[in-house]
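Student: just to be clear, the model below is a prediction. Sequence and coordinates:
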Amino acid sequence: MCKQLKVSRSAYYKWTKRVDTKLDIENREILECIQAIAESNNRLFGTLKMTYTVNKKLESHYNHKRIYRLMCIHHLLSVFRKEKRFNWKKSTPQVTAGNVLHRKFEVSKPNEVWCTDVTEIAYPGIAQKAYISSYLDLYDRSVPGLHVSKRNDTYLTNESLRKAMEANPTANPLHHSDRGFQYTREVFKKYLEKHGMKQSMSRVSRCIDNGPMEGFQGIFKELLVILHPNLKTYDELEEAIYKTLDYYQNEYPQMRFRGLTPAEVRIKALSENIPTRYPITPNPQVVKYWDNVKQRKNQTEINQLGLA
């Protein structure tokens, strides 16, 4: 056998008498934890979220590279969602608002800014689509209000706002949305004013103006499909959406919050006189892009002055 495997006999006998080291035992404990987490959420987590969760469960401080190596060796890598495209119907707005938020996505306390949007879910094997209207608090990325319906109408958005206000009766955040027909009604504007909310809207064809909300919707759909892969009916889908919301709020660690979940960040902030700040790390590619735009603009102005 040794000859066929091209291994020396001495190496083979040394291997048979090998005793597990402290590192081997520790890796086995980490691997068992990784496998349990991966099994519980259908391999949802990538390296960083898995590292946060393992360290929280084992009360440790293992490096993400070690977790990544164990996940690779045992084929426990995360799964990824596919990009989808949707078609939307145009409508004539009754009222519009300026982009007051102006992409200032970093805020200092809960209930300072709420972003909202409507998205649809076409689940494989279920004929009826589900429409989700949700609110996202920009401070802790928690969801103060969410409602599910078979119809994309004004009742859907009214209910999600009602739930958000019911959970936070004293809140009067800046209300930011796109220019969907649900948010451009005169009656909706008056409702916001009645509750002390100022309205802000994304510019036309500028989805990044509501970037955090767009990102949350993508993450939420990914969680739903991975956590609940075998739904058969619309009722099961609706129930799974609310279960996914609970998972996102209480079980989904976020890198920006140093491994805390949205619910943990919110509870902590509401107990502090001055809530902890969580700076958004600038994206180097975005910074480089805008620097180039600024340079080209300055060069154009210089050329124009030279021609004058």
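Tutor: The structure has been received and is ready for your questions.
Student: contacts only, for residue 44.
Tutor: Neighbouring residues of residue 44 by Cβ atoms under 8 Å, 6 or more residues apart in numbering: 38, 78, 79, 222, 223, 226, 227. Yep, even glycine has a C-beta here, placed from its N, CA and C like the rest.
Student: among those residues, which has the minimum pLDDT value?
Tutor: On pLDDT alone, residue 79 ranks lowest of the contacts of residue 44, at 75.
Student: SS state for that residue?
Tutor: Applying DSSP: H, G, I helix; E, B strand; the rest coil to residue 79 yields a three-state assignment of coil.
Student: what's near enough to touch the closest residue in space to it that isn't next to it in sequence?
Tutor: In space, and not counting its chain neighbours, residue 79 is closest to residue 43: 5.5 Å by Cβ to Cβ, 6 or more residues apart in numbering. By Cβ under 8 Å, 6+ apart, the contact list for residue 43 reads 76, 77, 78, 79, 226.
Student: name the element residue 43 belongs to?
Tutor: Residue 43 belongs to no helix or strand when assigned by DSSP states H and E.
Student: go ahead and flag the most central residue of the protein.
Tutor: For the chain, the residue nearest the mean C-alpha position is residue 216 (3.9 Å; Cα atoms, centre = their mean).
Student: in this structure that one contacts residue 142, no?
Tutor: No - judged on Cβ atoms under 8 Å, residue 216 makes no contact with residue 142 at a distance of 10.1 Å.
Student: so what sits against both of those two?
Tutor: Residues touching both residue 216 and residue 142 (Cβ under 8 Å, 6+ apart) are residue 136.
Student: what is the end-to-end distance of stretch 196-204?
Tutor: With Cα to Cα, to the nearest Å as the measure, stretch 196-204 spans 25 Å from end to end.
Student: quick one: it to chain centroid distance?
Tutor: 22 Å (Cα atoms, centre = their mean, to the nearest Å).
Student: got a list of contacts for it?
Tutor: Contacts of stretch 196-204 (Cβ under 8 Å, 6+ apart): 96-101, 172-179, 183-184, 189, 192, 209-210.
Student: now the helices for the stretch 201-308 of the chain?
Tutor: With DSSP state H, counting those that start in this stretch applied, the stretch 201-308 of the chain shows helices at 211-227, 234-251, 262-270, 284-307, listed in chain order.
Student: so which bits of the first one are buried?
Tutor: Pointing back at helix 211-227 there. 212-214, 216-217, 220-227 (16 or more other Cβ atoms under 10 Å).
Student: packing partners of that helix?
Tutor: The contact analysis (3 or more Cβ pairs under 8 Å, 6 or more residues apart in numbering; DSSP states H and E) places helix 211-227 against strand 113-121, strand 130-137, helix 234-251.
Student: show me what the last one is in contact with.
Tutor: Contacts made with helix 234-251 from outside it, assessed by Cβ under 8 Å, 6+ apart, are listed as 41, 121, 123, 126, 128, 130, 132, 142-143, 146, 148, 150, 219-220, 223-224, 227-228, 231, 261-263.
Student: now, of the residues you listed, which are buried?
Tutor: 41, 121, 123, 126, 130, 132, 142-143, 146, 148, 220, 223-224, 227-228, 231, 261-263.
Student: which helix or strand contains the residue lying closest to residue 63 once chain neighbours are set aside?
Tutor: Spatially, and ignoring its direct neighbours in sequence, residue 63 is nearest to residue 51 (7.7 Å; Cβ to Cβ, 6+ apart). Secondary structure assignment for residue 51, by DSSP H and E: helix 47-58.
Student: and the angle for that helix with helix 234-251?
Tutor: With axes from the mean of the first three to the mean of the last three Cα atoms, to 10 degrees as the basis, helix 47-58 and helix 234-251 are set at 70 degrees to each other.
Student: so how far is helix 47-58 from its chain's centroid?
Tutor: A distance of 17 Å separates the centroid of the chain from that of helix 47-58, by Cα atoms, centre = their mean.
Student: tell me the pLDDT at residue 119?
Tutor: Reading off the confidence values, residue 119 has pLDDT 95.
Student: and it, how many neighbours?
Tutor: By other Cβ atoms under 10 Å, 18 other residues sit near residue 119.
Student: show me the contacts for the spatially closest residue to it that is not a sequence neighbour.
Tutor: In space, residue 119 comes closest to residue 217 once its chain neighbours are excluded; the distance is 4.6 Å by Cβ to Cβ, 6+ apart. Contact partners of residue 217, counting by Cβ under 8 Å, 6+ apart, are 117, 119, 132, 134.
Student: need the residues you listed in CSV with distance to residue 257, can you?
Tutor: Compiled in CSV, the contacts of residue 217 are given as follows (distance: Cβ to Cβ, whole Å):
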residue, distance to residue 257
117, 22
119, 23
132, 23
134, 19
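Student: nice, that's everything, thank you.
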